[in-house]
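Undergrad: only geometry, no sequence info:
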Ligand SMILES: Cc1ncc(COP(=O)(O)O)c(C=O)c1O
């Protein structure tokens, strides 16, 4: 193959940001080692001064003479020796800093995040409560407010915090959604017990007496209306009595077993179990979460995706209608912004339109969540430096490719109207693990999961202390303040708009587009590359075909063999370039995989369905490398990659490798 096409000409503005980009990371050859070293030493020295100046009247616990004792010297030798061992081991790790790494969503981290983490780790704050983290609990809430603003939430009425990752953040989203879902029902039970009469707003905007509602209606109250009802109940009598009555009728205290029994007794007409609608490309953590919350994986209804791997919103509407006919309540609908396998962005604006229509025409509503764990940071491209939204055309000018589309911008802008959104700084935020984030549009709903431990309670009456006592509202307990500081410093250096993260993500998307283009135009005869559509963000998926392959099994075995030669799965392997692979299986990819199977031509979709868990092996390259479109990459990691792929194909076919 010849040299890849030169990158598109850049605007002066993007040239400036590109200059900054070179300072944001340590660099594939540790080019910025002196900068990182200077900052780490600065952070360490500063911490040392802090210790030395903390009650300087205190004596020294470890004296210079202690350092000359045999026990001390031996301990230091052991430490040094074992560290050398660890450092040697670590070099067998994944070189995610390199342009040669085109596999999972692992990446280089920003220097800001690395230094922020290191500096704060020396203080070891625990963000469970302000008492254990007077500085970093504040930073955590600041970071959450920044992310909230990025997706268009109002930071004064929304709420958010950091988690150890996407799984826990998603768990919290459904945990709260579940409690909101049952809130009107609990309120109805409590109101009956307290003999208070309340009105509630129905999804079609009419008002009705709470006691007149059927079980089905009680399970179809919009979040804000359910929370208003809760407020009215709260104001209807002494707080202690209301709390007791609500607690007696809440799922969180009663538990699913007794709750179901009580509903059958109280309403005599038990509904079918409520379901959670999930895009069929959703991350596997959703199944864990639905099981853990006691909802049961039988209650997952997978919504098919289209040939671009985005939720099919016509299928969603059909499913909502079918469920409404069978009187099956819908607890939540989980959409994805940046699917794990393909980086597809669901058309969230259309999903929200389906819900509005369901409210109007069917009296049905549900919590809409966007799992933007992977793609959430891409929302930064929609903001300019003045804090205004950019159009698709403006973003295309700076991305230098025909990305994004108007539909993409509409979908990402719609995050502002989702009930909850999860975004992982430790994915497209380029910060070290662990850092996920949970964002909730209606901050009042966090009270539905609050628990008060006596030993960590905030000072009564201090509203800000309530906020800074995170442990009260979150699933996790102890958690690293260092993670909050890492994200905070990274956001300071790379603002969440076109100058910072927006620019970084545009570069990776442009890199992914170049890779897609290079694979499309590469002449690898006799091999043929079958590409999945141009990605919505930066994950390029492809399958390699050869004329001698006649069955799905043979095709899968060939691609699996390419993957083995280009992965680090075998211990000690040092592949030239590193990729990942996935399997498109039935029923999740039914319909979506059709065009790809037709282009390959070895089997029909029906035959593919019969392959069950074998599915279709798909090679996958996540382009996290921010330098892929730089003007003078040495070596060019696109040409180099295509050539390495060819060598891996030859090796997988048992051919002598071409030089
Ligand atoms: C879309 C999506 N959601 C959730 C997760 C889970 O995130 P974590 O591994 O941080 O728990 C992932 C992980 O890849 C993901 O891609």
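TA: Received it, and whenever you're ready, just let me know what you need. Computed from a predicted structure; not experimentally measured.
Undergrad: Could you point out which residue ranges in the stretch 201-350 of the chain have low pLDDT?
TA: Along the stretch 201-350 of the chain, the model assigns pLDDT under 70 to residues 269.
Undergrad: In contact with the residue nearest to the spatial centre of the chain, which residues?
TA: Geometric centre of the chain, nearest residue: residue 373, 0.7 Å, by CA atoms, centre = their mean. Residue 373 makes contact with 165-166, 169-170, 283, 338, 422-424, 427, 436, according to CB atoms under 8 Å, 6 or more residues apart in numbering. C-beta coordinates here come from the backbone N, C-alpha and C atoms, glycine included.
Undergrad: So it versus residue 390, what's the distance?
TA: In this view, residue 373 and residue 390 are 23 Å apart by CB to CB, to the nearest Å.
Undergrad: ok, which of the contacts of residue 373 also contact the ligand?
TA: Counting by CB under 6 Å from any ligand atom, 165-166, 170, 283, 424, 436 from those sit close to the ligand.
Undergrad: Neighbour-wise, which one of those residues leads?
TA: Each of those was scored for neighbours by other CB atoms under 10 Å, and residue 424 scores highest at 29 neighbours.
Undergrad: ok, it touching residue 169?
TA: Yes: using CB atoms under 8 Å, residue 424 and residue 169 qualify as a contacting pair, with a distance of 7.3 Å.
Undergrad: what touches both of these two?
TA: Shared contacts of residue 424 and residue 169, defined by CB under 8 Å, 6+ apart, comprise 373, 436-437.
Undergrad: Show me these that map onto strands.
TA: 436-437 (DSSP state E).
Undergrad: With pLDDT added, can I get the shared contacts of residue 424 and residue 169 in CSV?
TA: As requested, the shared contacts of residue 424 and residue 169 are exported to CSV (pLDDT from 0 to 100):
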residue, pLDDT
373, 98
436, 98
437, 98
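Undergrad: Put together CSV for the shared contacts of residue 424 and residue 169, with distance to residue 484 on each row.
TA: Output for these, formatted as CSV (distance: CB to CB, whole Å):
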residue, distance to residue 484
373, 18
436, 12
437, 10
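Undergrad: all strands for the protein, in order.
TA: Along the chain, counting by DSSP E, strands occupy 159-163, 199-201, 207-209, 275-279, 300-303, 330-336, 367-371, 420-422, 436-440, 528-531, 539-545, 580-584, 616-622.
Undergrad: highest average neighbour count across those?
TA: Compared across the strands of the chain, strand 420-422 shows the largest average neighbour count, a mean of 31 (mean count of other CB atoms under 10 Å).
Undergrad: I'd like the average pLDDT over it.
TA: For strand 420-422, the per-residue pLDDT values average out at 98.
Undergrad: Tell me how far it lies from the chain's centre.
TA: In terms of CA atoms, centre = their mean, to the nearest Å, the centre of strand 420-422 is set 9 Å apart from its chain centre.
Undergrad: Equivalent analysis for stretch 54-64, please.
TA: Worked out by CA atoms, centre = their mean, stretch 54-64 lies 46 Å from the chain centre.
Undergrad: Kindly report the same for stretch 222-241.
TA: On CA atoms, centre = their mean, the centre of stretch 222-241 falls 33 Å from the chain's centre.
Undergrad: need the contact list for the closest residue to residue 320 other than its chain neighbours.
TA: Using CB to CB, 6 or more residues apart in numbering and skipping the chain neighbours, the partner closest in space to residue 320 is residue 358 (5.0 Å). Shown in contact with residue 358 (CB under 8 Å, 6+ apart): 203, 317, 320, 324, 364-366.
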